[in-house]
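[1] how would this look folded up:
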Amino acid sequence: MTSQEKEYFCQLLASLFHPPDAELVKEIHQGTLHSFFVRYIQSIGGETDFLKGFLKEEGSENLLKDLSNEYERLFSGPSQESISLTESFYKPWTTDPHCVLPFASERGLLMGDSALHLLEVYHRCGLEASEEFKGCPDHIAMELEFLSYLYRWATDVEIKMFIKDHLNWTPLLKEELDRRHPHPFYVTALEVLALFLKRERARLEGR
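    Numbers count the residues shown, from 1 in each chain. Next up is the predicted model:
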């Protein structure tokens, strides 16, 4: 894919991790979401069977309600049951050796080092977190939107650094998701993301 195509690809991936809306459901019903990713997978010689999660299931007459309920269950429910979509949650809150706070090295917290670093990076680029993600600038949707931005404006060196530093937690997210027996849509979304990042890491490392 060209850089422009990767820019759009990441924008589309980011949209999958926002709360579902009527536009997303329309793309599923019309088959455009499935068709787009089929073309990508075929272009790299991959099998496309796993993309069935982007197709409307039989008997699902109110897909928007189904996906909204699933998004709520997986990502917005009670804290002990839902899965975080933010990087900070999966990493130590800070690696600063001088921090004396008792929870400094704990995981499962928000607005940690990764979030603060991204706020600074966004600021340097003249960007800011959207209102939806003010309290979690390292949300997966924000990170993918920023990766899309990088494909337009940054070098491969900068893209490689961002993927290495800020998208290395997604396997942990997938592990958490797999334990919840999620809707096929979200299984597919994470599998597409994992495949894209794997290929980009290989490309950027020269393999």
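[2] Go through this protein and flag its longest helix.
    Of all the elements of type helix in the chain, the one with the most residues (DSSP state H) is helix 184-204.
[3] Who are the contact partners of the residue positioned nearest the centre of the chain?
    Centre of the chain computed as the mean C-alpha position; nearest residue by Cα atoms, centre = their mean is Ile140, 3.7 Å away. Neighbour list for Ile140: 14, 17, 85-87, 170, 173 [criterion: Cβ atoms under 8 Å, 6 or more residues apart in numbering]. The C-beta positions use only the backbone N, C-alpha and C, and glycine is treated the same way.
[4] got a winner among these for most neighbours?
    Glu87 (29 neighbours; other Cβ atoms under 10 Å).
[5] which ones are touching the closest residue to that residue other than its chain neighbours?
    Distances taken as Cβ to Cβ, 6 or more residues apart in numbering put Asp138 closest to Glu87, at 3.9 Å, once the chain neighbours are dropped. With contacts taken as Cβ under 8 Å, 6+ apart, Asp138 has the following neighbours: 86-88, 112, 114-115, 118, 166.
[6] Do a quick rundown of the strands in this structure.
    Listed in chain order, the chain contains no strands at all (DSSP state E).
[7] Can you tell me which of the contacts of Asp138 is closest to Pro102?
    Gly112 (14.7 Å; Cβ to Cβ).
[8] per-residue confidence at the residue nearest to that closest one when sequence neighbours are not counted?
    Counting by Cβ to Cβ, 6+ apart, the nearest residue to Gly112 once its immediate chain neighbours are dropped is Ser88, at 3.6 Å. In this prediction, Ser88 carries a pLDDT score of 96.
[9] measure Ser88 to Gly206 for me?
    Ser88 sits 31 Å away from Gly206 when distances are taken as Cβ to Cβ, to the nearest Å.
[10] Equivalent analysis for Asp113, please.
    29 Å.
[11] Who has more neighbours out of these two?
    Neighbours of Asp113 and Gly206, each counted by other Cβ under 10 Å, are more numerous for Asp113; the result is 17 against 5.
[12] Contacts only, for the more buried one.
    Taking Cβ under 8 Å, 6+ apart as the definition of contact, the neighbours of Asp113 are 88, 91-96.
[13] If we use 7 Å, what do you get?
    With contacts taken as Cβ atoms under 7 Å, 6 or more residues apart in numbering, Asp113 has the following neighbours: 94-95.
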